[in-house]
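Asker: for reference, the sequence and a predicted model appear below.
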Amino acid sequence: HGVCWAAGGKQAERKVKKHRYDTIAEGIGLDRITANLAEAQLDDAVAVTDQEAVFMAHYLMQREGLFVGSSSAMNVVATLKYAREMPPGSTLVTVLCDSGQRHVTRFWSREFIEGQDLR
């Protein structure tokens, strides 16, 4: 339909990102199925905001010494949200698929983050 929108119905055309979904996480929100997921049987998906990912990345750096990228931070947030729905004693696994090294100029840049109205 060619309309760019953000959560809550707010127009975001003036701040359009690299792809049509409003996220600072590169590679997330692409409008295509990658070969490695083409045959996957997905049971669920969890929404994660950019702000949650930024907070989690900084938490992991400060508390665990892990310098993660935006995808890893989103994975951890999603796993924690999903964990709240699981019975006590459940085991969950996630993947820390990127380091912060390739995200220094965007995800780990205070100037960039503040320019996206995040903190």
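Answerer: That came through, no problem.
Asker: only C-alpha atoms from now on, for both contacts and neighbour counts.
Answerer: Noted.
Asker: distance of A57 relative to I24?
Answerer: 13 Å (C-alpha to C-alpha, to the nearest Å).
Asker: identify the contacts common to those two.
Answerer: Common contacts of A57 and I24 (C-alpha atoms under 8 Å, 6 or more residues apart in numbering): S70.
Asker: residue nearest the centroid of the protein?
Answerer: The structure's the chain has its C-alpha centroid closest to M74; by C-alpha atoms, centre = their mean the separation is 3.6 Å.
Asker: please name the nearest non-neighbouring residue to that one.
Answerer: Nearest non-adjacent residue to M74, counting by C-alpha to C-alpha, 6 or more residues apart in numbering: A53, 5.1 Å away.
Asker: and the one you found, what pLDDT?
Answerer: Per-residue confidence (pLDDT) for A53: 95.
Asker: can you check L118 too?
Answerer: L118 is given a pLDDT of 92.
Asker: state the distance from the residue nearest to it when sequence neighbours are not counted to V68.
Answerer: The shortest distance from L118 to any non-neighbouring residue, by C-alpha to C-alpha, 6+ apart, is to Q51 (6.1 Å). Distance, Q51 to V68, using C-alpha to C-alpha: 15 Å.
Asker: tell me who's in contact with F67.
Answerer: A57, L60, M61, S99, G100, Q101.
Asker: what's the next secondary structure element after the helix or strand hosting the first one?
Answerer: Using DSSP states H and E, the element containing A57 is helix 50-59. The first helix or strand that comes after helix 50-59 along the chain, using DSSP H and E, is helix 70-83.
Asker: buried stuff in that next one?
Answerer: S70, S71, S72, A73, M74, N75, V76, V77, A78, T79 (16 or more other C-alpha atoms under 10 Å).
Asker: work out the gap between that helix and the centre of the chain.
Answerer: Centroid separation for helix 70-83 versus its chain: 8 Å, with C-alpha atoms, centre = their mean, to the nearest Å.
Asker: need the next SSE after that helix, C-terminal direction.
Answerer: helix 110-115.
Asker: got the CA positions of that following helix in CSV?
Answerer: Extracted in CSV, the C-alpha atoms of helix 110-115 (Å, rounded to 0.1, in the frame of the first residue of the first chain):
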residue,chain,number,x,y,z
ARG,A,110,24.8,8.4,21.7
GLU,A,111,24.4,11.1,19.0
PHE,A,112,22.6,8.7,16.7
ILE,A,113,20.4,7.3,19.4
GLU,A,114,19.3,10.7,20.6
GLY,A,115,18.7,11.7,17.0
